[in-house]
Each structure stands twice: as C-alpha cells, then as structure tokens.
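[1] Need coordinates for the below:
(one chain, ligands or ions: 1)
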Amino acid sequence: MALFQDISLTPELLLATAIFSIVFYVVKALRTRVPKGLKSPPGPWGWPIIGHMLTLGKNPHLSLTKLSKQYGDVLQIRIGSTPVVVLSGLDTIRQALVKQGDDFKGRPDLYSFRFITDGQSLIFNPDTGPVWVARRRLAMDALKSFSIASDPNLLSSCYLEEHVSKEANHLVSKFQKQMEKVGHFEPVNLVVESVTNVIGAMCFGKNFPRKSEEMLSIVKSSEDFVENVSSGNAVDFFPILRYLPNPALKKFKNFNDKFVLFLQKTVQEHYQDFSKNSIQDITSALFMHTENSKDSGVQIPYEKIVNIVNDLFGAGFDTVTTAISWSLLLLVTRPNVQRKIHRELVFSNTVFSQKLGGHSSPFLPEPTHSGPVCSSCRKQWEDPFEFRPERFLTDDSTAINKTLSEKVMIFGLGKRRCIGETPAKWEVFLFLAILLHQLEFSVPPGLKVDLTPTYGLTMKPPICKHLQAWPRFSK
Ligand code: HEM
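    Sure, this is the predicted structure:
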C-alpha cells in the first residue's frame with residue numbers, strides 16, 4: 001500500500017506515464033495496417049515520431065546503401081510517419097522503374113515542391129495524369145527542336161553545337177585570363193556562366209540577357225536549391241519545422257522567388273517580339289503551341305505551357321555544370337587519362353565534332369514514397385571508385401560498350417527518365433572536347449584535390465580554387 005502511495009505521489013512518474021501512453025497510441029494509430037497475406041518490406045527498427053531520420057545523416061545515399069547490405073534490395077524505412085521504400089541494386093531498380101514503370105512513375109507530394117515554379121513544375125510535381133503526359137511530350141519536342149535539329153541558316157550542324165562552340169571558346173579565354181592575372185582559378189563559377197548561356201540561348205534565343213547580374217547571382221547560388229530538394233529534407237516530413245525559424249528553407253524560398261521572377265520577366269520581354277514566322281527558340285515554340293492548342297486533345301493552361309521553360313532552364317544549367325566541373329577535377333587527379341584524351345584530340349585542330357527483389361507483391365501502404373539508391377549499384381564494378389573512363393569502351397577501344405554504359409543510371413530510368421539526356425551528353429562532350437583541345441589542366445605540384453561530394457539533388461564537387469590551365473598550342 002505504502003509502495004502504491006509513493007508511486008502515485010511522484011509527479012515525474014505520472015508525467016512520464018502520460019507521455020508514454022500518448023506516444024504509444026499516436027504511433028499505434030499512425031501505423032498502417034498491413035492487409036492479411038501481405039508483408040511490409042523488411043527494415044530496421046525506427047524511433048517513434050522521427051522514424052529513421054537520424055539514420056540517414058548527412059549522406060543518405062551512403063547510409064541507405066549500408067542498410068541495403070543488411071536488409072536486401074527492397075527495404076522500408078520511415079521518415080517521420082511516412083513510409084519510404086528504398087530500392088537498391090541494378091536488377092531491382094530496373095524491375096521497378098522499367099518493368100513496373102506505371103507503378104513507380106509518381107513523385108511524392110512534398111511541401112518543398114510548392115515553392116518551385118509556383119507549384120507548377122513538371123519535374124517537382126505529383127501529377128502523373130494526362131496533363132503531365134502532354135507537358136512532358138511538349139517539353140521533349142521543344143528541347144529536341146532547339147538542340148539536336150539544325151537551322152539551315154547556321155554553319156553548325158545543330159543549334160546546340162552553335163551555342164556550345166561559342167561558349168566553350170569564351171570559357172577557354174576566361175580560364176586563360178585568370179591564369180594571366182593570378183595563376184589559378186576556381187572552375188565552377190566560370191563554368192556555370194557558360195553553361196547557363198547555352199541553355200539560355202536555347203530557351204530564349206537572342207533575348208537571353210547573357211550578362212545580367214540578376215541572372216548570374218541566381219545561377220551562382222543554386223546550392224540553395226539543390227541542397228533543399230534532395231531526398232529526405234526534414235521540412236517535408238515534419239510539418240512543425242515549417243513554422244520554426246529555418247534559414248535553409250528561407251534561402252530556398254528566396255531562390256525560387258528570384259528564379260521565377262527572372263524567368264517571368266524574360267518570358268514577357270520575349271513575348272513582345274514573338275512572331276509566328278520566326279520560331280527560333282524553345283519559348284517561341286511554346287508560345288506557338290498555346291496559340292495552336294485551342295482545338296487540340298488535352299487542354300493545358302497557358303501558364304503550364306510557358307512554365308515548361310522554367311523546368312528546362314533550371315534542369316539545364318546545374319546538372320551540366322556539375323558534370324563538367326567533376327570532369328575537370330577528375331582529370332587533374334588522373335593526368336594519364338587527360339594525356340590519352342589529348343592524344344586523341346591532337347590530330348584535329350578544328351572543332352568536331354511482377355516480383356520485386358524476391359518480394360512477392362510487397363505491401364506498400366499509401367502514401368509510400370519510393371526511390372532508387374544508385375550508389376548501391378557499385379557492386380557491378382570491380383573498382384567503382386577509380387576514374388577509368390576507358391572501362392566503358394569495347395575491347396578494341398573503338399566504340400562505347402552499350403551493355404556496360406547502360407548500367408550507369410545517372411539519367412534515371414523508366415517513365416521519368418531525363419528528357420535532356422541526349423543534349424546533355426552532347427553538351428558535356430563538346431565542352432570538354434573544346435576545353436581539352438585547347439588547354440591542359442593541372443593543380444600545383446603537391447596539392448591534394450578533395451573529391452568528397454556534397455549531398456543534394458546533384459552531388460556537387462568540392463570547391464577547388466587552385467585549378468590551372470595551360471595552352472597546348474602557341475598562338
Ligand atoms: C548531365 C546532365 C543531366 C543529368 C545527370 C540529368 C539527370 C536527371 C535525372 C536523374 C532525372 C530524374 C529521373 C527520374 O526521376 O527517374 C532527370 C529528370 C529531368 N531532366 Fe535531366 N539531367 C541532366 C540534364 C538535363 C538537361 C540538359 C535538361 C533539359 C534542358 C534536363 C531536363 C530534365 C527534365 C525536364 C526532367 C524531368 C522529367 C520528368 O519528371 O518527367 N536534364 N534528369
């Protein structure tokens with residue numbers, strides 16, 4: 001009796017019991033019931049309320065790869081109360097995204113998506129209905145027409161070649177100017193200007209404000225965007241964080257506001273000189289489509305058509321800049337690879353040219369987010385961390401080995417596969433070919449180049465301020 005009296009008198013114990021009961025009932029109520037005969041994919045034990053948020057850490061791709069070794073290619077975690085299915089391994093990812101493409105074509109309805117392109121983005125949007133299909137088709141056609149197809153009035157074989165040749169040659173001069181001034185440079189800020197001018201010219205033709213300070217300050221702060229749109233952003237899973245001071249979210253909103261404002265202004269200015277008889281860029285093609293679409297099948301609102309240009313512009317500068325910047329860093333750490341490329345370029349002084357991972361119908365409750373972890377496919381390669389581009393060549397080194405190169409999924413797979421893959425590959429190739437044709441890249445002797453990426457929508461290379469570029473031919 002005395003014991004019970006003592007216990008009942010302890011306020012801390014009462015409080016602890018009350019909290020425990022509330023948490024227990026909330027967690028129980030939130031937990032999705034698995035229908036009879038089905039099983040949830042396996043996964044580690046997670047904390048109530050926060051789930052596996054802490055497990056993800058700063059490098060979720062690495063933490064999830066580690067978990068997949070323990071739990072297999074299809075595993076389930078929770079971020080907050082949202083179940084997330086994690087797919088690993090080449091076969092499982094292909095099975096889901098290609099063979100079961102319709103089941104996996106969706107995007108989650110995330111809070112952060114509302115700020116991108118005023119919530120009208122084609123990329124960051126849960127819509128997968130007929131409007132999404134029509135917009136994606138329209139974006140693909142516009143992109144193809146103004147990158148791959150040729151303009152009979154130009155000397156180059158296609159628009160992309162025209163824009164890249166011009167910008168890559170400017171970039172060579174910018175690198176050389178920095179070398180003359182201080183003897184070294186930081187590449188990313190210079191590369192991003194040139195790559196932005198390429199996608200800007202494709203989207204807006206002559207109307208793109210190439211030297212605008214406003215535009216340059218936006219594209220140079222793209223980390224405010226990519227670090228927040230990455231998978232596992234806490235603000236998307238814990239609504240309370242939306243109301244607390246959150247400097248990263250503030251920067252993200254600011255970035256999106258400035259980005260949309262800049263593009264809206266550019267689109268409006270472009271509309272002033274729009275002429276049906278002269279369609280020479282993506283935005284004009286989209287204007288034309290809005291005029292012609294009144295009687296066509298799926299009705300897409302005007303803003304949703306013109307906003308496609310935001311997606312193409314946004315997707316076209318950061319990704320390609322990141323690819324070129326990584327290439328330069330890797331080439332200075334592997335001079336033998338650079339030498340091989342130089343040897344190939346030296347001869348030309350002109351510019352060129354139903355079961356998922358063994359889980360029978362796993363139960364995926366609604367809303368379940370799912371995503372592939374591409375870093376989990378490393379076991380496909382003997383030495384995944386070695387920069388050895390020749391691994392993708394056929395035995396006689398004369399062509400690309402298609403089977404091997406298809407194992408790299410940097411452009412995604414299935415229904416959401418990147419629509420910019422072909423122009424992006426050409427753009428990166430042409431930029432690097434022109435840069436490496438003219439210049440040899442290095443870092444001062446003894447300087448160790450850090451190759452640790454920063455996690456985000458694109459894995460950014462670390463800042464290297466000591467890159468050097470030397471002319472290969474005397475003037
Ligand atoms: C090296 C450069 C690039 C890389 C690595 C890349 C990679 C990707 C990836 C991984 C996706 C998502 C696929 C998925 O969700 O499964 C994607 C989507 C997309 N990319 Fe790219 N991309 C690049 C360049 C470009 C360029 C130059 C453009 C256009 C100018 C572009 C336009 C798009 C669009 C519109 C989507 C969204 C497709 C959709 O949601 O249906 N990308 N890209």
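
[2] who are the neighbours in contact with R107?
    F113, I123, F124, N125, P126, T128, R416 (C-beta atoms under 8 Å, 6 or more residues apart in numbering). From N, CA and C alone the C-beta is placed, and that goes for glycine too.

[3] brain fart, F225
    F225 neighbours (C-beta under 8 Å, 6+ apart): F252, F255, N256, F259, G314, D318, L457.

[4] Distance of it relative to P461?
    17 Å (C-beta to C-beta, to the nearest Å).

[5] any idea which of the contacts of R107 is the one closest to L241?
    F113 (15.6 Å; C-beta to C-beta).

[6] and the contacts of F225 as JSON lines, adding distance to the ligand, secondary structure and neighbour count?
    Formatted as JSON lines, the contacts of F225 follow (distance: C-beta to the nearest ligand atom, whole Å; DSSP: H, G, I helix; E, B strand; the rest coil; neighbours: other C-beta atoms under 10 Å):
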{"residue": "F252", "distance to the ligand": "19", "secondary structure": "helix", "neighbour count": "22"}
{"residue": "F255", "distance to the ligand": "18", "secondary structure": "helix", "neighbour count": "20"}
{"residue": "N256", "distance to the ligand": "17", "secondary structure": "helix", "neighbour count": "23"}
{"residue": "F259", "distance to the ligand": "15", "secondary structure": "helix", "neighbour count": "23"}
{"residue": "G314", "distance to the ligand": "8", "secondary structure": "helix", "neighbour count": "23"}
{"residue": "D318", "distance to the ligand": "9", "secondary structure": "helix", "neighbour count": "22"}
{"residue": "L457", "distance to the ligand": "9", "secondary structure": "coil", "neighbour count": "18"}
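
[7] out of the residues you listed, which one sits closest to L64?
    L457 (15.9 Å).

[8] What parts of the stretch 51-200 of the chain come near the ligand?
    Listed as neighbours of the ligand in the stretch 51-200 of the chain under the rule C-beta under 6 Å from any ligand atom: L122, I123, R136, A139, L143, I199.

[9] what's the residue nearest to D109 when sequence neighbours are not counted in contact with, if anything?
    The spatially closest residue to D109, leaving aside those adjacent along the chain, is P126, at 4.2 Å (C-beta to C-beta, 6 or more residues apart in numbering). Neighbouring residues of P126 by C-beta under 8 Å, 6+ apart: G106, R107, P108, D109, F113.

[10] And the residues you listed, which of them are buried?
    Buried residues within those, counting neighbours by 16 or more other C-beta atoms under 10 Å: G106, R107, P108, F113.

[11] okay, those residues in TSV with secondary structure and pLDDT next?
    Shown next, in TSV, are those (DSSP: H, G, I helix; E, B strand; the rest coil; pLDDT from 0 to 100):
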residue	secondary structure	pLDDT
G106	coil	90
R107	coil	90
P108	coil	89
F113	helix	92
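
[12] With respect to the ligand, which of the residues you listed is nearest?
    Taking C-beta to the nearest ligand atom as the measure, the ligand lies nearest R107 of these, at 7.0 Å.

[13] Which of the three states applies to the residue nearest to D109?
    Secondary structure, DSSP: H, G, I helix; E, B strand; the rest coil: P126 is coil.

[14] Okay, now the unreliable bits of the stretch 251-400 of the chain?
    For the stretch 251-400 of the chain, the stretches with pLDDT under 70 are 293-299, 346-352, 354-379.

[15] what does it have sitting close to the ligand?
    Close to the ligand, as judged by C-beta under 6 Å from any ligand atom, the stretch 251-400 of the chain has residues D311, L312, A315, G316, T319, V320, A323.

[16] what's the nearest residue to the fifth one if we skip its chain neighbours?
    Counting by C-beta to C-beta, 6+ apart, T458 is the residue found nearest to T319 once chain neighbours are left out, at 5.9 Å.

[17] For the one you found, grab the count of nearby residues.
    T458: 23 surrounding residues under other C-beta atoms under 10 Å.
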